[in-house]
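*Asks:* quick one, fold the following:
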Amino acid sequence: MRKVLLTTLINILTTSVFALSDSPRVYHAIKTISPITIDGNAKEEEWLKAKWSDEFIDIEGDTRPKPAFSTKMKMIWDEQYLYVFAKLEEPDLWGTLTKRDAIIFQDHDFEIFIDPDNDTNEYTEIEINTLGTIMDLFMTRSYKKGGPMDMNWDVKDLQSAVMLKGTINKNDDQDQYWTVEMAIPVSSLSKSGKVYTPVIGGFWRINFSRVQWLMEKDGISYKKRTTKEGKRIPEQNWVWSPQGLIDMHIPEKWGYVYFID
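*Replies:* Residues are numbered from 1 along each chain as shown. Below is the predicted model of the structure:
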């Protein structure tokens, strides 16, 4: 009982400390005891109980303009999986990449970064676009520490699905949103041979990113917007927990997911 109370107190204090602007955000993920069907809908009771995260903000923090479209996520867990569900408001559903491990952020995408033991080394990145195409990689160290990344590495037995509310690659209407649902196997997140299974009161470092391009109509579909000089306008980066600069590969800036019962 004393251990449970201490864990609760630590979580409350952590939430208060990290509630400050541009500090790492905190999410409390509830445990599920029922099977979850990965179909992009998240209709199970456990998903309905789970709270939405704070709205995503610009990667550089509150000093930058508020994102044009809403993005938010939920998480639940059991001993086998970390489950993620995200909803991304989108008036122009668009996607082009269909090959696994293509550079998915060249499309609109949703990204997940996970460091289970908070050592800022050996972490996982997963990206997905509106077509459900996956790119995943393993970083031995962050880029500023010299990397390298392993693009041949896969999240083994990853389950994922997207659901589209609208018509993709068709510009004569206005779409509403797309969703992402994933079951990320805990066994796939091993580091140096050790598996980091979620436990009640424990936490992982984690962050989420959304890459969004400015688009314009092109025939029946879309293309990326350019300047008058023909130069492509850079992408926008919206995240759950602010990084302070345009770089997702700073694990010490990521948020915290605490595992609760």
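*Asks:* mind listing what residue 169 touches?
*Replies:* Contacts for residue 169 (CB atoms under 8 Å, 6 or more residues apart in numbering) come out as 93, 94, 95, 220, 221, 222. Any C-beta I mention is one placed from the backbone N, CA and C, and that applies to glycine too.
*Asks:* helix, strand or coil for the second one?
*Replies:* The three-state assignment at residue 94 reads coil, by DSSP: H, G, I helix; E, B strand; the rest coil.
*Asks:* now it: how far from residue 88?
*Replies:* Separation of residue 94 from residue 88 (CB to CB, to the nearest Å): 12 Å.
*Asks:* still on that earlier bit, ok, and the most crowded of the contacts of residue 169?
*Replies:* In terms of neighbours by other CB atoms under 10 Å, these top out with residue 93 at 24 neighbours.
*Asks:* related to what we said a few turns ago, joint contacts of residue 94 and residue 88?
*Replies:* In terms of CB under 8 Å, 6+ apart, residue 94 and residue 88 are both contacted by the residues residue 108.
*Asks:* for the protein, which segments count as helices?
*Replies:* 2-17, 45-49 (DSSP state H).
*Asks:* isn't residue 52 up against residue 75?
*Replies:* No: counting by CB atoms under 8 Å, residue 52 sits too far from residue 75 to count as a contact (10.5 Å).
*Asks:* for these two, indicate the residue with more neighbours.
*Replies:* Neighbours per residue (other CB under 10 Å) separate residue 52 from residue 75, with residue 75 holding more: 24 against 12.
*Asks:* so who does the more buried one touch?
*Replies:* Contact analysis of residue 75 by CB under 8 Å, 6+ apart lists 27, 29, 50, 82, 83, 84, 85, 257.
*Asks:* at 6 Å instead, please
*Replies:* Neighbour list for residue 75: 29, 84, 257 [criterion: CB atoms under 6 Å, 6 or more residues apart in numbering].
*Asks:* which one of these is nearest to residue 62?
*Replies:* Relative to residue 62, the closest of the contacts of residue 75 is residue 257; by CB to CB it sits at 21.5 Å.
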